[in-house]
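S.K.: give the three-dimensional model of this entry:
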Amino acid sequence: MKIGDIDLGHKPLLLAPMEDVTDPSFRYMCKQFGADMMYTEFVNSDGLIRNASSCQLKLNISEHERPMGIQLYGHVIESMVEACKMVTEAHPDVIDINFGCPVKKIANRGAGSGMMKDVPKMVEMTRRIVDATQIPVTVKTRLGWDENTKNIVSVAEQLQDVGIKALTIHGRTRAQLYKGEADWTLIGEVKANPRMHIPIIGNGDVNSPERAVEMFNRYGVDGIMIGRATYGRPWIFREIKHFMQTGERMKPLTVEEKVDIAKEHFAKSLEVKPDKRGILEMRRHFSCYFKGLPNFKELRLQLVTSNEPEEIIQLLDLIAQRYAGFVQDESQSSSPWG
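M.R.: Residues are numbered from 1 along each chain as shown. Here you go, the predicted model:
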C-alpha cells in the first residue's frame, strides 16, 4: 500500500491518532512492536496559529518514528489552511485531516465528525489544504453523521476528486460515538467502488489477530488502523503480524513481560516529559497494562497515586514478583479514557 510515494508494504497496520494517548512515548512502544505508520495526537488548527505551546509540541517528530502523520482539526477553512502551512514546515510524511472525532466539544463546533453535516464545506476545506502543501494529504472520517445520513460512499469520491492520497473510515456514525459494533459494510463498498483508486484504510473494533485477518479478507481494505485496542497492549501489532504470517497466535505475555514493557514505556515518558507530566500521563497506561489482574485494587491505587519514579519502579517490581507466571486475558484490556 502506498500513500503518495510512501510505501507501507502489504496490508499495513497503522496506529490511530488519539488525544492524550499517542504521545511520543506511546508511539515509541507501538513502533517497536511493528506499527507501520503512526500519527500524532490531534492538533488544533486555531491553537497552532496562535502559537499555543501545547500545539507546537505535537509537531515534534523523531526520525525513528517515520513514516509519521500529523493530524489537524478545526472548523474554519482559513485557519486550517494556515495551520497546514505551519505543519508542512515540520516535515511530516503525511498531513491528516480529522473529520472523524465524535467528541461533543469538537463535533458540535463543526470540526471533527461535525464536518459531516456540511459535506460541501468538508470537500472545500480538503481542496484548499491539498492545494496549500506538497505533502500528501489524507482524511480520517466516519460513515456519516447519523443512521439517516450514511453518505460515506459519495463523500469518499468527492474527497478523492480534490486530491487526498488515502482515506481512513471508522465504521460508526458520529451519533454512535463508540457504542455498538463497528459496521464495515460501507467501508467495503467504498473499497469496491470502481471509481476509487486511493488506499482505503478500515478502522473500528479490530481488537484481535483473527478480527484483523477477517477485515482484510472480507472487505478488501488496503490497511487497518488500530486505536483503542492498543491501550495497555501496544504489542497487538506484533500479535496480528505473527498471526497473518503463520496462522497461529503468539504465546500470551506473562505479567513479568508486561512489567518490563511498562517500565520501558515509563522511562520513555520521563525522557519526553521530565516534569511531573511524565508520571501523571502514565497512570492510565499503567491501569491498562494490568487491567484484569485478581486482587489488584490496592496495588493499582498505589501505582496511580505515587509521584515518585523510584517508588513506581518498586511497585512494578512487586507486581512482577506477586504475579510471576500469571497470564492475563487480553480481552480484559479496555480504555480508561472512555
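S.K.: please make it C-alpha for all contacts and neighbour counts, starting now.
M.R.: Noted.
S.K.: burial count for Gln32?
M.R.: For Gln32, the count of nearby residues is 15 (other CA atoms under 10 Å).
S.K.: and it, how far from Lys85?
M.R.: 31 Å (CA to CA, to the nearest Å).
S.K.: end to end, how far does stretch 171-185 reach?
M.R.: 8 Å.
S.K.: try stretch 301-308
M.R.: OK, stretch 301-308 end separation, CA to CA: 14 Å.
S.K.: then stretch 112-121?
M.R.: For stretch 112-121, the first-to-last residue distance is 12 Å (CA to CA).
S.K.: buried ones in it?
M.R.: 112-117, 119, 121 (16 or more other CA atoms under 10 Å).
S.K.: between those, which sits nearest Leu299?
M.R.: Gly112 (38.0 Å; CA to CA).
S.K.: any idea what the nearest residue to the closest one once chain neighbours are set aside is bridged to?
M.R.: Distances taken as CA to CA, 6 or more residues apart in numbering place Phe99 nearest to Gly112, at 4.1 Å, with adjacent residues excluded. Assessed by DSSP bridges, Phe99 has beta-bridge partners Thr141.
S.K.: how deep is Phe99 tucked in, by neighbour count?
M.R.: The burial count for Phe99: 26, using other CA under 10 Å.
S.K.: before we move on, back to that, rebuild the buried residues of stretch 112-121 as a markdown table, extending it with pLDDT, distance to Glu65 and secondary structure.
M.R.: Below are the buried residues of stretch 112-121 laid out as a markdown table (pLDDT from 0 to 100; distance: CA to CA, whole Å; DSSP: H, G, I helix; E, B strand; the rest coil):
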| residue | pLDDT | distance to Glu65 | secondary structure |
| --- | --- | --- | --- |
| Gly112 | 88 | 25 | helix |
| Ser113 | 87 | 27 | helix |
| Gly114 | 90 | 30 | helix |
| Met115 | 91 | 30 | helix |
| Met116 | 87 | 31 | helix |
| Lys117 | 90 | 34 | helix |
| Val119 | 95 | 33 | helix |
| Lys121 | 96 | 33 | helix |
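S.K.: break the chain into its domains for me.
M.R.: Per automatic domain parsing, the structural domains of the chain span 2-246, 255-332.
S.K.: just those domains: most buried one?
M.R.: Burial of the domains of the chain is given as mean neighbour count (mean count of other CA atoms under 10 Å); domain 2-246 ranks first at a mean of 20.
S.K.: what helix or strand is Leu186 on?
M.R.: helix 185-192 (DSSP states H and E).
S.K.: just the C-alpha atoms of the following helix or strand past that helix, please, in PDB.
M.R.: Sequence order places strand 200-203 as the next helix or strand after helix 185-192, per DSSP H and E. Backbone C-alpha positions of strand 200-203 (Å, rounded to 0.1, in the frame of the first residue of the first chain) are rendered in PDB as follows:
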ATOM      1  CA  ILE A 200      -8.800   2.700   1.800                       C
ATOM      2  CA  ILE A 201      -8.000   2.000   5.500                       C
ATOM      3  CA  GLY A 202     -10.500   0.400   7.800                       C
ATOM      4  CA  ASN A 203     -10.900   1.300  11.400                       C
END
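S.K.: run through who's touching the helix holding Leu186.
M.R.: 143, 152-153, 156, 169, 171, 196, 200, 202, 218-221 (CA atoms under 8 Å, 6 or more residues apart in numbering).
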